[in-house]
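Undergrad: model the structure of this input:
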Amino acid sequence: MPRIAEGRPPAAPVSLEQRARRDRIVRAATTIGARLPIDRVQMHDVAKASGVAIATLYRYFPSKTHLFAAVMADQVARLDAEYVGPSLDRDPADELSELLIRVGRRMLEHPVLTTSIMQSNNALTATPLGREVAGVSHGVMLRALRAAHDPEPIHLRLVRLVEQNWYGVLISILNGHTTQEEGEEDLRLAVRLLLTPLPR
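TA: Okay, the predicted model is just below:
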């Protein structure tokens, strides 16, 4: 598990130039992290690849854990932007499971990076960045369930349970305990069972 740096929280970019600089850092980390596990990624290499000073990199990302959690946040934000919403003729359980399977397949194309971002996101779950990632991902899942505008407590609870199961399936596949095909079938079954309390 990557260590978390103590002390100052990450700086938030304010200007367009600062946001562009931060985005370059995240893109560089994504590229490098697709090849190297987090413990072999060097912050100096990320700074060089993104064209920023090492002090600038550490201002936005005090540790590699923060950096790769930001990569996770970037990917979740892109999912939110790309997802057009549920098919009206599709069962909510099918909609949600197929959405998560599509996302999982994309992540499993880069298993080294996926391992790093999942570890980092888990380490920062209770931080503002972790809550931001959870909020966006839960929002997408609620849209798949057609419950984004006025979710009831049962929707929120089920989304959390489905997310936990999805994470477990991805970890099982990454660790070689199940095949991707088995994991996808497991996820479809779990989502259908978990969503049984919802009306059709």
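Undergrad: can we go C-alpha only for contacts and neighbour counts from here?
TA: Will do.
Undergrad: how many other residues sit next to residue 152?
TA: 10 (other Cα atoms under 10 Å).
Undergrad: quick check: phi and psi at it.
TA: Backbone torsions of residue 152, given as degrees, to the nearest 10, read phi -90, psi 160.
Undergrad: doesn't residue 60 make contact with residue 11?
TA: Yes: counting by Cα atoms under 8 Å, residue 11 does reach residue 60; the two are 4.9 Å apart.
Undergrad: higher neighbour count, those two?
TA: Using other Cα under 10 Å as the criterion, residue 11 and residue 60 rank with residue 60 on top: 20 against 13.
Undergrad: what's near enough to touch the more buried one?
TA: By Cα atoms under 8 Å, 6 or more residues apart in numbering, the residues touching residue 60 are 10-13, 22.
Undergrad: look up how far residue 21 lies from it.
TA: Using Cα to Cα, to the nearest Å, we find residue 60 at a distance of 10 Å from residue 21.
Undergrad: which of the contacts of residue 60 are buried?
TA: When these are checked for burial by 16 or more other Cα atoms under 10 Å, the buried set is 10, 22.
Undergrad: secondary structure element for residue 78?
TA: Secondary-structure assignment from DSSP states H and E places residue 78 in helix 64-82.
Undergrad: list the buried ones in that helix?
TA: By 16+ other Cα under 10 Å, the buried positions in helix 64-82 come out as 64-77, 79-80.
Undergrad: other SSEs contacting the lengthiest helix in the chain?
TA: Criterion DSSP state H: the longest helix present in the chain is helix 153-174. Here helix 153-174 touches helix 92-108, helix 111-123, helix 128-144, helix 180-194, going by 3 or more Cα pairs under 8 Å, 6 or more residues apart in numbering; DSSP states H and E.
Undergrad: would you pull up how far the first one lies from the middle of the chain?
TA: Taking Cα atoms, centre = their mean, to the nearest Å, one finds the center of helix 92-108 at 13 Å from the center of the full chain.
Undergrad: before we move on, what about stretch 62-81?
TA: Worked out by Cα atoms, centre = their mean, stretch 62-81 lies 7 Å from the chain centre.
Undergrad: where in the chain is pLDDT low?
TA: Applying pLDDT under 70 to the chain flags the ranges 1-8, 199-200.
Undergrad: which residue is the nearest non-sequential neighbour of the spatially most central residue of it?
TA: A centroid search over the chain (Cα atoms, centre = their mean) returns residue 72, at 4.1 Å, as the residue closest to the centre. Spatially, and ignoring its direct neighbours in sequence, residue 72 is nearest to residue 117 (5.6 Å; Cα to Cα, 6 or more residues apart in numbering).
Undergrad: just give me the neighbour total for the one you found.
TA: The local packing of residue 117 (other Cα under 10 Å) involves 27 other residues.
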